[in-house]
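Trainee: prediction below, plus the sequence it came from.
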Amino acid sequence: MAKRVQLVLNKDVSKLGRAGDVVDVAPGYARNYLIPQGLAVHSTPGILKQVERRRELERQRLAELKQQAEVVKKAIEAVKTISIAKQVGENEAIFGTVTTQEVADAILSAAKQEVDRRNITLPEVHKLGSYEAVIKLHPELTASIEIQVVPA
């Protein structure tokens, strides 16, 4: 059996690994595809140190993002409830629905925190009342806020 070659990936390679990963591959795969395409380089002590340094910087960046998300979560949950005024028809049914953009704007005005509307999950809102919106701030962190739909 042929000896394996240790490489460090420069870019993500499907079914092999992500950028910065150290992988063992067949010598022909390394020599004929990965290295000429610029997808990987031979593993040396200097390159391994660079990879470890990049990983540490990435870890620090992700920890900082999580801290910022926690600050936003505290600000949002301090507000507790937000009110959204809608036109009302018969049986307390509202015209249209409450959109995630309306919720994001209400959070911005109430909590002074900007939230991406694509990260807000709302239940179906077709009547007046109280609903709960879930906001994904970070892959590990979510906040929830109560929405009061009131007549305009």
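Mentor: Yes, it's here.

Trainee: quick one, what contacts L48?
Mentor: Applying C-beta atoms under 8 Å, 6 or more residues apart in numbering to L48 gives the contacts V8, V22. (Each C-beta comes from the backbone N, C-alpha and C, glycine too.)

Trainee: ok, now with 10 Å
Mentor: Q6, V8, V22 (C-beta atoms under 10 Å, 6 or more residues apart in numbering).

Trainee: please name the nearest non-neighbouring residue to the last one.
Mentor: Looking back up the chat, that one is V22. V8 (5.5 Å; C-beta to C-beta, 6 or more residues apart in numbering).

Trainee: correct me if wrong, but the one you found is in a strand.
Mentor: Yes - according to DSSP: H, G, I helix; E, B strand; the rest coil, V8 belongs to a strand.

Trainee: ok, what's across the strand from it?
Mentor: Beta-bridge pairing of V8 under DSSP bridges involves V22, V41.

Trainee: that older thread, so among the contacts of L48, which ones count as buried?
Mentor: Among the contacts of L48, the ones that count as buried by 16 or more other C-beta atoms under 10 Å are V8.
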